[in-house]
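Engineer: Predicted model, plus sequence, below.
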Amino acid sequence: MRHLLAIEGMHRPQIASLLDLAESYVLLNRTGKTPRDRLRGRTLINLFFEDSTRTRTSFELAGKRLGADVINMTVSTSSVNKGETLLDTAATLNAMNCDLLVVRHASSGAPALLAQKVDAAVINAGDGTHEHPTQALLDALTIRRHRGSLENLIVAICGDVLHSRVARSNIHLLGAMGARVRLVGPPTLMPAAAERLGAEVFHDMASGLAGADVVMMLRLQLERMARGLVPSAREYFRFYGLDAQKLACARPDALVMHPGPMNRGVEIDSAVADHPTRSVIREQVEMGVAVRMAVLDVLSRVGANA
Amino acid sequence: MTDLLFVNVRLLDPASGLDAPGELLVREGHIAECGAGLGRPDGAATLDGEGAVLCPGLVDMRVDLGEPGGEHRETVASAALAAAAGGITTVAALPDSKPAIDDPALVRLLRARGEETGSLTVLPYGAVTRGCRGEELAELGLLREAGAVAFTDGAHAIGPARLMRLALTYAAGFGARIVQHPEEPTLAAGGAATEGELATRLGLPGIPAVAEAMLIARDIRLARLTGGAVHFAHVSTAESLALIRRAKDEGLRVTCDTAPPYFDLNETAIGDWRTYAKLSPPLRAEADRAAVAAALADGTIDAVASDHAPRDPDDKRLPFAQAASGGTGLATLLGVTLAQVHGGAISLPRAIELLTVAPARLLGVAAGTLAKGAAADLCLFDPDRIWQVAAGALPGKAQNTPFDGRALEGRVIGTWKAGRRVFGG
């Protein structure tokens, strides 16, 4: 693995070994005994063309716990020609001999474009509506820790699937690991040919959640309402917001997940989001650091020609 | 100018149905004689074609020349080099330049710029609306008088139904066609690829393929209502072609062209974020590609145009959704069309008809024939010679070919404009 640009195309053994490695980092993180020499002398640059405090912080922490020198660059997206900035930035980073480049960009395919131009290993930290690979890995790790395996689990991914890179990465990863994926959301927020990605499509929560082992909520960008894809927040919450009543359709022990940040009262009710046993949303954040450590670890070995 | 006698060539002139070995004599820039057993006049130079095909210089009815306003991408002079290498001697130039060709003086300027090259006739389209902004009609009559061959807003669809009705009605008074970019603009806004599984996987905003047929269906009804003539450019879907086929059967003044990408490539060409394959309309599903190829044979498609759209690296080295759409096409027009001949979809005479006399008739010009007395605009090509398309090594300025790496059978050996060799040799 030279870069981590997408989950699509990754195979089960590759994913499983990343999750196994991440699992070991969970324990090391909890005991504070992370191998700080693992990435000593390596430079990790967090290149964010979109604001995202939590993902950036997670990568920063992951890099530091492995001893890398971490630099954060947040590039203004207000500049007129984003693409020029992108490739100019790539040339600059190349000159700095960066080893690991974490990229978040509003355009699908931007990290792939960068990967063609830089020597560093590129990690996609979310590109447009394409993929968010480390989010899917951390979600899988979280589920695996609760259920032992992903095999044959029913996972309902709910909400704005159309614009969700988290959903796309999860569809590919969960499918590769043998889980059954359902997509639940209003037809205006469902991508064309969604079922061709290997998922079942539902437009009502009751049937979409029936018997589900995991309920994965997606963030609804409030701008979607401005574009008329959803008439109002209250209508959205009425039909697609996860509350105790809708959650009751899932298995009694179903896990509730959310990639964050949450819009409470829009896609998820606080009582569910903060549920002490069902919600694993905070645990997802912890798994995020471990998964990112595993990814940095694996990619840095390739970079060193090991 | 000395006489020039082509010998040992396969004469191919779809306008007259001629397809036979023979000779062709050029005198004073015109075709003097054409046929078998011509004598060699005193002092005539001889060119042995070694069995290659000699056909009329190609007529390309849809070209963005880059000029005026986009000279960093292409100029009339650089496009003329690419055209000559592609066997093309006449092009119709799109008017959505900067400024748009919405003034008679600009029509005359473009014609003159073509004449300056000495190798390429430039037939300007006039803008349908001022500035190609889709609001008020341009001075169609004055543009026509200055030499505009037809009217179009280029890459911009004429969206409002009332405006299209007005344009069709008014242009009909001057006997001119309206050339439509058939894509329902509100459905297409912001899209980067044909809506479907691939666009979903790549996370690209989609344009439903039906956006094309919708505008075509509307405009066919407007053609019926007004008696006007509408021509649909770069038609790319099976549904669109079915509508056009029916309109033709009904006797409406409806015609269309397509461009090589739409019968040679499908949407999978944009995999790995290849922005050179980002076109407008976007590449389609395989079933649509196959339908376009079939419509070349059955006559639903009237002409093949290159849809040459020069872009520079700064337009294309961008994330896919931000990259400009459009591909070059002059140098590859013949080769990619001949792939349909080699693949058995159409005959060689049909391919050449689609590239010569058919577009010339649509444009209302006398080009595209080997008739006695016609200008000696000629293309000599070997239909079997193999070459490989390489972005970066194409003639002309723009290099953004969607066919990069494509191996083609059929290469131009020489191009003549009014009897003067402008390519090869």
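Structural biologist: Thanks, I have the structure now.

Engineer: Let me see the mean pLDDT of the helix or strand containing A:G63.
Structural biologist: According to DSSP states H and E, A:G63 maps onto helix A:53-65. The average pLDDT within helix A:53-65 is 97.

Engineer: With stretch B:235-247 instead?
Structural biologist: On average, stretch B:235-247 scores 98.

Engineer: which of the residues in it are buried?
Structural biologist: Neighbour-count burial for stretch B:235-247, counted by 16 or more other C-beta atoms under 10 Å in any protein chain shown, picks out B:235-241, B:243-245, B:247. For the C-beta atoms, the positions are set from N, CA and C on the backbone; glycine is no exception.

Engineer: Grab the CA positions of that stretch and hand them over as PDB.
Structural biologist: Extracted in PDB, the C-alpha atoms of stretch B:235-247 (Å, rounded to 0.1, in the frame of the first residue of the first chain):
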ATOM      1  CA  VAL B 235     -25.900  13.700 -29.800                       C
ATOM      2  CA  SER B 236     -24.900  11.000 -27.400                       C
ATOM      3  CA  THR B 237     -27.800   8.900 -26.100                       C
ATOM      4  CA  ALA B 238     -30.100   6.100 -27.500                       C
ATOM      5  CA  GLU B 239     -33.200   7.900 -26.400                       C
ATOM      6  CA  SER B 240     -32.200  11.200 -28.200                       C
ATOM      7  CA  LEU B 241     -31.500   9.300 -31.400                       C
ATOM      8  CA  ALA B 242     -34.900   7.500 -31.200                       C
ATOM      9  CA  LEU B 243     -36.600  10.900 -31.000                       C
ATOM     10  CA  ILE B 244     -34.600  12.300 -33.900                       C
ATOM     11  CA  ARG B 245     -35.300   9.300 -36.000                       C
ATOM     12  CA  ARG B 246     -39.000   9.700 -35.500                       C
ATOM     13  CA  ALA B 247     -38.900  13.400 -36.200                       C
END
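
Engineer: wait, does that stretch contact chain A?
Structural biologist: No. Shown here: stretch B:235-247 not in contact with chain A (C-beta under 8 Å from any C-beta of the partner chain), separated by at least 15.2 Å.

Engineer: Give me the contacts around that stretch.
Structural biologist: Residues outside stretch B:235-247 that contact it (C-beta atoms under 8 Å, 6 or more residues apart in numbering or on different chains): B:182, B:209-210, B:212-213, B:216-217, B:220, B:223-224, B:232, B:254, B:256-258, B:262, B:281, B:283-284, B:287-288, B:291-292, B:295, B:298, B:300-301.

Engineer: so how far is it off the chain centroid?
Structural biologist: Distance of stretch B:235-247 from the chain centroid (C-alpha atoms, centre = their mean, to the nearest Å) equals 18 Å.

Engineer: Could you check how far the helix or strand in which B:P359 is found is from the centre of its chain?
Structural biologist: Assigned by DSSP H and E, B:P359 belongs to helix B:357-363. How far helix B:357-363 lies from its chain's middle: 11 Å, per C-alpha atoms, centre = their mean.

Engineer: Quick one: residues contacting the closest residue to B:L18 other than its chain neighbours.
Structural biologist: Using C-beta to C-beta, 6 or more residues apart in numbering or on different chains and skipping the chain neighbours, the partner closest in space to B:L18 is B:L11 (5.5 Å). Counting by C-beta under 8 Å, 6+ apart, B:L11 makes contact with B:18-22, B:24, B:34-35, B:54-55, B:370.

Engineer: Beyond the helix holding B:P359, next helix or strand please.
Structural biologist: Heading C-terminal from helix B:357-363, the first helix or strand you meet, by DSSP H and E, is strand B:378-388.

Engineer: then that next one to PDB, C-alphas only?
Structural biologist: Provided in PDB are the C-alpha atoms of strand B:378-388 (Å, rounded to 0.1, in the frame of the first residue of the first chain):
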ATOM      1  CA  LEU B 378      -8.200  17.100 -50.800                       C
ATOM      2  CA  CYS B 379      -7.200  14.500 -48.300                       C
ATOM      3  CA  LEU B 380      -5.000  11.500 -49.100                       C
ATOM      4  CA  PHE B 381      -5.000   8.800 -46.500                       C
ATOM      5  CA  ASP B 382      -4.000   5.300 -45.900                       C
ATOM      6  CA  PRO B 383      -6.900   3.600 -44.100                       C
ATOM      7  CA  ASP B 384      -4.700   0.900 -42.700                       C
ATOM      8  CA  ARG B 385      -1.600   2.800 -41.500                       C
ATOM      9  CA  ILE B 386      -1.300   2.400 -37.700                       C
ATOM     10  CA  TRP B 387      -0.400   5.200 -35.300                       C
ATOM     11  CA  GLN B 388      -0.900   6.000 -31.700                       C
END
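
Engineer: ranges for the strands of chain A?
Structural biologist: Taking DSSP state E, the strands of chain A run over residues A:43-48, A:69-74, A:100-105, A:121-127, A:154-158, A:180-184, A:200-202, A:214-217, A:255-257.

Engineer: To B:A79, which of the ones you listed lies closest?
Structural biologist: Proximity to B:A79 (C-beta to C-beta) singles out strand A:100-105 among these, at 34.7 Å.

Engineer: What does B:E409 show for phi and psi?
Structural biologist: Dihedral angles of B:E409 (phi, psi; degrees, to the nearest 10) stand at phi -110, psi 120.
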